[in-house]
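Asks: have a look at this prediction, sequence included:
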Amino acid sequence: MLGEDSVSWESAVLIGGPAEGVRVRVVGRPPVLQVTFPCELEADTDAVKVKALYVYRRDARQAADEGELTYGFDGASP
């Protein structure tokens, strides 16, 4: 990433769902994070890859000085 030295990384934790407790580093407090997990295929093939997609959302009401940044699992998202 260009200018990585000047980027302000922030730690966050994922709450709920399949990635419960996973810690990540983000820049700029993005409103949504996507988490993927690989799925096994019944037939061995290099042409197709399948991943399960999970969405985590930041509570926009959380102030910057309000403790650890958290993202909650959104089970209703496709």
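Replies: Structure received.
Asks: low pLDDT regions in this protein?
Replies: Applying pLDDT under 70 to the chain flags the ranges 1-5, 78.
Asks: can you give me the strands in it?
Replies: With strands called from DSSP state E, the chain shows them at 9-15, 23-27, 32-38, 51-58, 69-73.
Asks: just say which of those strands is most tucked in.
Replies: strand 69-73 (a mean of 18; mean count of other Cβ atoms under 10 Å). Backbone N, C-alpha and C define where each C-beta goes, glycine included.
Asks: find the residue at the geometric middle of this structure.
Replies: Residue closest to the average C-alpha location in the chain (Cα atoms, centre = their mean): L33, at 3.6 Å.
Asks: A52 against F37, yeah?
Replies: Yes: taking contacts as Cβ atoms under 8 Å, A52 lies within contact range of F37: 4.8 Å.
Asks: what touches both of the two?
Replies: Taking Cβ atoms under 8 Å, 6 or more residues apart in numbering as the contact rule, the neighbours common to A52 and F37 are P18.
Asks: follow-up on the earlier one: relative to T45, which of the strands of the chain is closest?
Replies: strand 32-38 (13.6 Å; Cβ to Cβ).
Asks: that closest one vs strand 23-27, what angle?
Replies: Angle, strand 32-38 to strand 23-27, by axes from the mean of the first three to the mean of the last three Cα atoms, to 10 degrees: 140 degrees.
Asks: angle of strand 32-38 against strand 51-58?
Replies: Computed with the same axes, to 10 degrees, the direction of strand 32-38 lies at 160 degrees from that of strand 51-58.
Asks: just the CA coordinates of strand 32-38, formatted as PDB?
Replies: The C-alpha coordinates for strand 32-38 follow below in PDB (Å, rounded to 0.1, in the frame of the first residue of the first chain):
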ATOM      1  CA  VAL A  32     -18.500  -3.200   6.600                       C
ATOM      2  CA  LEU A  33     -16.000  -6.000   6.700                       C
ATOM      3  CA  GLN A  34     -16.400  -9.200   4.700                       C
ATOM      4  CA  VAL A  35     -15.100 -12.500   6.100                       C
ATOM      5  CA  THR A  36     -14.700 -15.600   3.900                       C
ATOM      6  CA  PHE A  37     -14.100 -19.200   4.700                       C
ATOM      7  CA  PRO A  38     -13.200 -21.800   2.000                       C
END
